[in-house]
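*Asks:* show me how the following folds:
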Amino acid sequence: MNAKEIIKNIEAEQLKTDVPDFHVGDTVKVYAKIKEGSRERIQVFEGVVLKKQGGSNRETFTVRKFSNGVGVEKTWPLHSPHVDKVEVIRKGKVRRAKLNYLRGRVGKRAKVKELVK
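*Replies:* This next block holds a predicted model:
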């Protein structure tokens, strides 16, 4: 076995199996494990997925929300043990892979249309 195969095997073991199918523009709730001293709790971060990038166990996604009138973005590794679960709230109807234009918008203009099936 060469080094590339060994790395692939290690990465395959770290992949999560219960990852939901979500895309850019969807509104999601990210349940993150936060460690405070000796205790561990779960904090919810709800917002719109701006982008997804990478692949395999390096895949990340960026979520943007408004907190007290200020836009807050967080980038989460999808297969991280700190991400407890990702819950899809609403499917969004978008026509591009990265929603960077939402950063300059506030209020109703920052909304993404809902995908109705």
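*Asks:* surely Arg109 is in a helix?
*Replies:* Yes. Arg109 forms part of a helix when assessed by DSSP: H, G, I helix; E, B strand; the rest coil.
*Asks:* what residues are up against it?
*Replies:* Arg109 sits next to no residue when contact means Cβ atoms under 8 Å, 6 or more residues apart in numbering. For glycine as for every other residue, the C-beta is placed from the backbone atoms N, C-alpha and C.
*Asks:* kindly report the same for Val48.
*Replies:* Val48 sits in contact with 25-28, 63-65, 92, 99, 102, 112, where contact means Cβ under 8 Å, 6+ apart.
*Asks:* of those residues, buried ones?
*Replies:* 25-28, 63-64, 92, 99, 102, 112 (16 or more other Cβ atoms under 10 Å).
*Asks:* which parts of the chain are helices?
*Replies:* 3-14 (DSSP state H).
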